[in-house]
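Engineer: Pasting the sequence and the predicted coordinates here, then a few questions.
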Amino acid sequence: MTVTEAPVAIRGSNPPVRRGRGTFRSRVLVPYAMLAPGIILFVAFMAAPIVYTLFLSFQKTKVSGLGLGSGARSTVFAGIDNYVTTLTNTEFGASVGRVLVYGFILIPLMLGLALLFALLLDSRRTRAAGFSRTAIFLPYAVPAVISSLLWGFLYLPAVSPFYFVFDKLGWDVPSLLSSGGVTFAIANIALWGGVGFNMIVMYTSLKSVPSDIYEAAKLDGASEIQIALRIKIPIIAPAIVMTALFSMVATLQVFAEPTTLRPLTNSLSTSWSPLMLVYRDAFTRDDIYSAAATSIVIALVTFAFSFLFLRVVQKRAFGQED
Amino acid sequence: MRTSIRVGAVAMATAAALLMSGCSANTGGGDDGPVKLNYWAWAPNLEKVVDLWNAENPDIQVTVQKQDGGDPAITKLLTAIKAGSGAPDLIQAEYQKIPTLVSSDALADLSEYGAGDIEDSFADGVWDSVTLGSDAIYAIPQDSGPMMFFYRADIFEQLGLTVPTTWDEYAEVARAVHAADPAKYLGTFSSNDAGWFTGMAQQAGASWWGIDGEAWSVDIAETPTETVAGYWGGLVEEGVIDNKPMYTPEWNAGLNNGEQVGWLSAVWAPGVLGGNAADTAGLWKAAPMPQWDVDAPATGNWGGSSTAVTTQSEHQEAATKFATWLNTDAEAVQALVNTSGIYPADAAQAEAALTAPPEFFSNQPDFYEVAAKVADTVSPFTYGPNVNVAYSAYNDEFAKAADAKTQSAFLEAVAAMQKITTDDMKKSGFTVE
């Protein structure tokens, strides 16, 4: 977006008098030249793959007869076949349903905890704030695959220290990897890794609030809790909205955690989440074309979700800023 | 901005590296110099075996290009075939990948270079996998994984159990083991290992695909596979066989602490057991698989690979000569056994090369004699062009069944596999009966 705005801004905001020596070349071409690396990288690694994915999504493999030997396999135009297949695929619908449930469990918990920690760290009475902040943020630095492996070990009753303790206490705790608990098991890993990041975003936003607002509230007799609820939270609402949006997008794209846990349990299928379905179609079933169509559908749905969400909350969250 | 440039630069460097490695794969000898062959393989230390060939054959020089494993190498090969260049002359291909490769026109037919002469060196089941039941020969078998039954001899002795020779006896032993200690199981039904289940269906006489004239048949939901699935579903429903996947930390712990008393596996099991349950060395023994029909002993294959020549190779005859030497020459097979640790598909050479038992089974001097007898009874089995689809359907459908723990769910899983596999072939345009 900034790509197209930049030269316009220069032309509009700077009177030509001050740029008297500037020729057309320096006024128009120099900004573009400076933007070129960005534009080239965007086109090469963002736009081109998207266009290619679109192109692939309208094709399919056509085999004739036994499909053995040369010339038995060709690529043909498929029209909207791949899209029809994706949209009528019950596995796809089920995977979307599963990540919605997963999102409903994860997002409120994650943002609620992040907000609570951010407010606690921002409170004046907190001790060892630096240490706590680092400790809460640290799990975010652990890659999802590694944290899933760690948690996977903790979930397996035979090797988990938790279950060893439960066993000693005589409790019969069902495995979190069973079909009823696996969504919680995955949400827990994401929660562990995600709270810290969201906490930092909210905390940074809190730090930028001028402290005289709090002093004014104090003078009016507001308690710490009242300050938190009535002043801090409304002021950082834009940050909360932003973290919610990022979390929603991340939820729809969950992949690493269930993929890493899958070999450990019978309750995760190869199409548990939409992206796992794409991965399976492209690399296990060798059908890159329908995987491309599914990817496009996922991208559009994610976009629509984000847009709707912003429309709904924008007025409330950003209203005060205008 | 700075980071994005850095990321871009890394990406470009990676892309360039990929392009260069792609190009370098495409080399061919001129008419004058020695023939140069590239060989993509992942068997450990294979280059040392190839050195023996290179020393004796100055006019055909082979270079091994190490691959990450079976799946990535095949994906790379299919990409090269689509691109029209960049494929090696030779590739290590697992048996179940051969139909997929043939269907993409990636493998040369070696029958015109005399590969048919060595047919008698291999068991029928193995040879079938490289011919797909046709007159063509798409690869030379290298190693095989005849399935066997591995059990904890010490625990069997302690419980006074005898080694099961039929599946009925296996079920009885499973009940006895579990009754003696509810934490112990004779085995587990793993929804993660499609190759394992395929091997057991193969033993029962299944052949999931077939070529009938100009049409494919998909025969998963037939009596043999249904018998196997029903048998395991019954044991899981009864609770005497575990339903958790293999190759998990939990399973490893079970092998180590004696909760997993047996393992239906293949001849390469000593390596896995040695790595995952090192403390139990000398406590295991190997026996032939339990049988459906004792008068007609059979087994299936789990694992194993072959040496194939690609259609892009300019020296297919030389490549065939090398592949034949590698897998049937006494010196080569001995070197494969010693340095790569494989179980040769060539039965006669295997017997000559494998004299001492694997270290982990030092308590069983006749380990390889048992293995040789078993390897001779591998049933024929034809893989189809969409094994990948059938295998991923196995993972999903049998995971559901193992979770449900009912025999009927196991039978439904077989029906679902049949439907998914058939639908996929029809969708691609294969002629299916």
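Structural biologist: Structure's in. What do you need? Computed from a prediction, not measured in an experiment: that's the story for all the values here. Residues are numbered from 1 along each chain as shown, chains lettered A, B, ... in the order given.
Engineer: if I've got this straight, B:Val64 is in a helix?
Structural biologist: No - secondary structure of B:Val64 (DSSP: H, G, I helix; E, B strand; the rest coil): strand, not part of a helix.
Engineer: which sections of the chain are below the confidence cut-off?
Structural biologist: Let's take chain A. By pLDDT under 70, the weakly predicted segments of chain A are A:1-22, A:69-70, A:315-322.
Engineer: actually chain B
Structural biologist: Within chain B, the segments meeting pLDDT under 70 span B:1-32.
Engineer: Show me how it divides into domains.
Structural biologist: For chain B, the domain assignment from automatic domain parsing gives the residue ranges B:15-144+B:305-356, B:146-301+B:361-428.
Engineer: max-length strand in chain B?
Structural biologist: In chain B, assigned by DSSP state E, the strand with the most residues is strand B:140-152.
Engineer: In TSV: the domains of chain B, plus distance to A:Val101.
Structural biologist: All C-beta spots, glycine's among them, are computed from the backbone N, C-alpha and C. Below are the domains of chain B laid out as TSV (distance: least, C-beta to C-beta, whole Å):
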stretch	distance to A:Val101
domain B:15-144+B:305-356	32
domain B:146-301+B:361-428	18
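Engineer: now what about the helix or strand containing B:Ala399, what contacts it?
Structural biologist: Using DSSP states H and E, B:Ala399 falls within helix B:387-404. By C-beta atoms under 8 Å, 6 or more residues apart in numbering or on different chains, the surrounding residues in contact with helix B:387-404 are A:178-179, A:265-271, A:280, A:284-286, B:96-97, B:99-100, B:189, B:191-192, B:194-195, B:197-198, B:208, B:220, B:233, B:236, B:243, B:384, B:409-410, B:412-413, B:416-417, B:420-421, B:424.
Engineer: and the next element down the chain from the helix or strand where B:Thr320 lies?
Structural biologist: In the assignment (DSSP H and E), B:Thr320 maps to helix B:316-328. Using DSSP H and E, the helix or strand that follows helix B:316-328 in sequence is helix B:330-335.
Engineer: how about the residues of the stretch 51-200 of chain B that lie near chain A?
Structural biologist: The interface of the stretch 51-200 of chain B toward chain A, taken as C-beta under 8 Å from any C-beta of the partner chain, is made up of B:75, B:78, B:99-100, B:102-105, B:132, B:134, B:191-192.
Engineer: Among those residues, which are located in strands?
Structural biologist: Per DSSP E, strands hold no members of these.
Engineer: Select only the buried ones of those in ChimeraX?
Structural biologist: Remark: buried members of those, expressed as a ChimeraX selection using 16 or more other C-beta atoms under 10 Å in any protein chain shown:
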select /B:78,99,100,102,103,104,105,132,191,192
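Engineer: and the two most separated of the residues of the stretch 51-200 of chain B next to chain A?
Structural biologist: B:Asp105 and B:Ser191 (33.5 Å; C-beta to C-beta).
Engineer: re the thing from before, adding distance to B:Tyr247, write the residues of the stretch 51-200 of chain B next to chain A out as JSON lines.
Structural biologist: Shown next, in JSON lines, are these (distance: C-beta to C-beta, whole Å):
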{"residue": "B:Thr75", "distance to B:Tyr247": "22"}
{"residue": "B:Leu78", "distance to B:Tyr247": "26"}
{"residue": "B:Pro99", "distance to B:Tyr247": "26"}
{"residue": "B:Thr100", "distance to B:Tyr247": "24"}
{"residue": "B:Val102", "distance to B:Tyr247": "30"}
{"residue": "B:Ser103", "distance to B:Tyr247": "29"}
{"residue": "B:Ser104", "distance to B:Tyr247": "29"}
{"residue": "B:Asp105", "distance to B:Tyr247": "34"}
{"residue": "B:Leu132", "distance to B:Tyr247": "29"}
{"residue": "B:Ser134", "distance to B:Tyr247": "35"}
{"residue": "B:Ser191", "distance to B:Tyr247": "12"}
{"residue": "B:Asn192", "distance to B:Tyr247": "7"}
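Engineer: Give me the secondary structure label for the closest residue to A:Gln226 other than its chain neighbours.
Structural biologist: Once flanking residues are discounted, A:Gln226 sits nearest to A:Ala217: 7.5 Å by C-beta to C-beta, 6 or more residues apart in numbering or on different chains. Three-state call for A:Ala217 (three-state DSSP): helix.
Engineer: Identify the residues contacting A:Ala217.
Structural biologist: For A:Ala217, the contacting residues are A:226-227, A:230-231, by C-beta under 8 Å, 6+ apart.
Engineer: so who does the residue most central in space within chain A touch?
Structural biologist: In chain A, the centroid-proximal residue (C-alpha atoms, centre = their mean) is A:Ala250; its distance is 2.1 Å. Counting by C-beta under 8 Å, 6+ apart, A:Ala250 touches A:190, A:194.
Engineer: The one 10 residues further on now?
Structural biologist: With contact set as C-beta under 8 Å, 6+ apart, A:Thr260 has these partners: A:144-145, A:148-149, A:152.
Engineer: Chain A versus the closest residue to B:Glu119 other than its chain neighbours, what's the distance?
Structural biologist: Of all residues not flanking B:Glu119 in the chain, B:Trp127 sits nearest, at 5.8 Å (C-beta to C-beta, 6+ apart). Per C-beta to the nearest C-beta, to the nearest Å, B:Trp127 is found 17 Å from chain A.
Engineer: what helices or strands is the helix or strand encompassing B:Trp127 leaning on?
Structural biologist: For B:Trp127, the element it lies in under DSSP H and E is helix B:124-131. Packing partners of helix B:124-131 (3 or more C-beta pairs under 8 Å, 6 or more residues apart in numbering or on different chains; DSSP states H and E): strand B:140-152, strand B:301-309.
Engineer: between those strands, which one is nearest to A:Ala256?
Structural biologist: Of all those, strand B:301-309 sits nearest to A:Ala256, with 28.1 Å by C-beta to C-beta.
Engineer: For that closest one, buried residues please.
Structural biologist: Under the neighbour-count criterion of 16+ other C-beta under 10 Å, strand B:301-309 has B:301-309 buried.
Engineer: from those residues, which two are the most distant?
Structural biologist: With C-beta to C-beta as the measure, no two of the buried residues of strand B:301-309 lie farther apart than B:Trp302 and B:Val309, at 25.5 Å.
Engineer: Give the helix, strand or coil label for residue 112.
Structural biologist: No chain specified, so I'll use chain A. helix.
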